[in-house]
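*Asks:* Got a predicted structure here, sequence first:
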Amino acid sequence: MLWLAIAAFAQEERCSGALRVDTWREAMDEVDAALERSNVAHADRILDDVVDQLRCLDTPADPADLGRLARQIAVVAFYAADEEERISWTWLAHDTVGGAPWPEGLVVPDRFHELALAVPERPVQTLDEVMLVTPKKGGVLLDGRPLARPVARSGVVHLFQVVDKKGHLAHASLQLGADFPQDWLADGTEAVDIDHLPAPPPPLPLPDAVAEAPDAPEPAPAEPSPTEGAPAEVAPPEPGPPVARPRVTYSFDEAFPDCPWKASPNKARVDGKVVVVNRQRHSVASRDDVTATQRLFRQCGEFRAARRLGRWSDERRKFLRSGAEHREAMLRVLVQDEPTRAAGRGRGGSTKD
């Protein structure tokens, strides 16, 4: 999992439907539940899918949601000993939610928090002689906040969104550092007007990186020396104690114990008003049936398929030809490999593909 880029097929595939914020939050709830069960593999698979679909959000992102997602990915990277990804997402969490209270349901070792407060610096980078381009009376958001100039923290994953004058998304993509999409840049140094854009509150300040140990013994008085009064050299911190990490398993039945398929899907088809996956039949005759099948898909780590199932169900009730496209997309993503955040450093596609 190096850095987080979007999988190659995600850059080419059009968004088959908008990612609703409530669906995103439901996925993050499932990640918390998986991590509470020490099921890192399940959490990792859901997060891969969520990151892959961020470009398809139906509204501008809330920094609080991005911060929650960043914390979850940092936790998974911590357990996987992936330092580059942990550092990148930890900085995104710092810049979006800062010192906001840690969720009670997301329990991690103290060592994780120690490392989070001591992440190596990732400097902020500004593109020289370049300015942002926006729709008339629109604007640019980076990680959910209005952006006047092409400025971003280097080595950190960012969500870049462009809104029109009505606040609708004209573009969304992920980028690493200040690698802004060229289509939204131009020569110049002017700042984009952001006064008309709603500005979320800034992140809460982080606690001190170094806390004084309780009941620490008083140091013995030092002997006078010729160098008294000179700045003292600071010794590097002692390495922390070994951390008991959950066993990261990737067998399907271990990652998804509540899934009835018992193996990653290799066959899927639609038979009338029934979706058949690995010979398991799931009714989609009524809206309640669709909701129940979507819930089951999510239990099996198939969040993209669950979303496309809902899209297909809505379209077929309108007798629109596009319903068949969503049905085929659902069947395709059921049997193909899940996206991965480590596919490279390319950008995600626009929501207007």
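*Replies:* Okay, I see it. No experiment lies behind these values; they were computed from the predicted model shown.
*Asks:* So what does residue 134 have for phi and psi?
*Replies:* Backbone torsions for residue 134, taken as degrees, to the nearest 10, come to phi -130, psi 160.
*Asks:* dump the residue contacts of it.
*Replies:* For residue 134, the contact set (C-beta atoms under 8 Å, 6 or more residues apart in numbering) comprises 140, 162, 184, 192. Glycine gets a C-beta too; all of them are placed from N, C-alpha and C.
*Asks:* start to end distance for stretch 257-277?
*Replies:* Distance between the two ends of stretch 257-277: 17 Å, counting by C-alpha to C-alpha, to the nearest Å.
*Asks:* can you check stretch 70-90 too?
*Replies:* Start and end residues of stretch 70-90 are separated by 6 Å (C-alpha to C-alpha).
*Asks:* coming back round to it: turn the contacts of residue 134 into TSV, including pLDDT.
*Replies:* Converted to TSV, the contacts of residue 134 look like this (pLDDT from 0 to 100):
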residue	pLDDT
140	96
162	96
184	96
192	92
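*Asks:* Does residue 124 touch residue 154 like I think?
*Replies:* Yes - assessed by C-beta atoms under 8 Å, residue 124 is found in contact with residue 154 at 7.3 Å.
*Asks:* Looking at the contacts of residue 134, which are in strands?
*Replies:* If you go by DSSP state E, the contacts of residue 134 have 140, 162 in strands.
*Asks:* Can you tell me which of the contacts of residue 134 comes closest to residue 283?
*Replies:* Closest approach between the contacts of residue 134 and residue 283, by C-beta to C-beta: residue 162, at 40.7 Å.
*Asks:* wait, doesn't the closest one sit right on residue 136?
*Replies:* No - Residue 162 lies out of contact with residue 136 (C-beta under 8 Å); the separation is 12.0 Å.
*Asks:* and those two? which has more neighbours close in?
*Replies:* Using other C-beta atoms under 10 Å as the criterion, residue 162 and residue 136 rank with residue 162 on top: 26 against 6.
*Asks:* ok, and the closest non-adjacent residue to the more buried one?
*Replies:* residue 171 (4.2 Å; C-beta to C-beta, 6 or more residues apart in numbering).
*Asks:* again with residue 62
*Replies:* Leaving aside its chain neighbours, residue 62 sits nearest to residue 144 (5.6 Å; criterion: C-beta to C-beta, 6+ apart).
*Asks:* What pLDDT is listed against the one you found?
*Replies:* In this model, residue 144 is scored at 97, pLDDT.
*Asks:* Would you tell me what the next helix or strand after the helix or strand of the chain with the lowest mean pLDDT is?
*Replies:* Across the helices and strands of the chain, the lowest-confidence element by mean pLDDT, DSSP states H and E is helix 8-12, at a mean of 38. Sequence order places helix 21-36 as the next helix or strand after helix 8-12, per DSSP states H and E.
*Asks:* Quick one: the helices in this structure, in order.
*Replies:* With helices called from DSSP state H, the chain shows them at 8-12, 21-36, 40-53, 63-79, 83-96, 110-116, 252-255, 287-299, 303-317, 322-335.
*Asks:* Now do the second one and helix 40-53, the angle between them.
*Replies:* When you say that, I think you mean helix 21-36. Calculated by axes from the mean of the first three to the mean of the last three C-alpha atoms, to 10 degrees, helix 21-36 forms an angle of 160 degrees with helix 40-53.
*Asks:* same for helix 21-36, what does it pack against?
*Replies:* Counting contacts by 3 or more C-beta pairs under 8 Å, 6 or more residues apart in numbering; DSSP states H and E, helix 21-36 packs against helix 40-53, helix 63-79, helix 287-299, helix 303-317.
*Asks:* ok, and what's touching it?
*Replies:* Helix 21-36 is contacted from outside by 40, 42-43, 46-47, 49-50, 57-59, 62, 65, 68-69, 72, 75-76, 103, 105-108, 298, 303, 307, using C-beta under 8 Å, 6+ apart.
*Asks:* That one: how far from the chain's middle?
*Replies:* In terms of C-alpha atoms, centre = their mean, to the nearest Å, the centre of helix 21-36 is found 11 Å from the chain centre.
*Asks:* Return the alpha-carbon coordinates of that helix using CSV.
*Replies:* Output of helix 21-36 as CSV, limited to C-alpha atoms (Å, rounded to 0.1, in the frame of the first residue of the first chain):
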residue,chain,number,x,y,z
VAL,A,21,-22.3,10.8,1.9
ASP,A,22,-24.5,8.5,4.0
THR,A,23,-23.1,5.5,2.1
TRP,A,24,-19.5,6.8,2.7
ARG,A,25,-20.2,7.1,6.4
GLU,A,26,-21.8,3.7,6.6
ALA,A,27,-18.7,2.3,5.0
MET,A,28,-16.6,4.0,7.7
ASP,A,29,-18.8,2.6,10.4
GLU,A,30,-18.1,-0.9,9.0
VAL,A,31,-14.4,-0.1,9.1
ASP,A,32,-14.6,0.8,12.8
ALA,A,33,-16.4,-2.4,13.5
ALA,A,34,-13.9,-4.5,11.6
LEU,A,35,-11.0,-2.9,13.4
GLU,A,36,-12.7,-3.4,16.7
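*Asks:* just to revisit the earlier point, which one of the helices of the chain lies closest to residue 129?
*Replies:* Across the helices of the chain, residue 129 has its closest neighbour in helix 83-96 (24.9 Å, C-beta to C-beta).
*Asks:* tell me the mean pLDDT for the closest one?
*Replies:* Across helix 83-96, the average pLDDT comes to 96.
*Asks:* Now residue 20: closest residue in space that isn't a chain neighbour?
*Replies:* By the measure of C-beta to C-beta, 6+ apart, the closest residue to residue 20 outside its immediate chain neighbours is residue 58, 5.7 Å from it.
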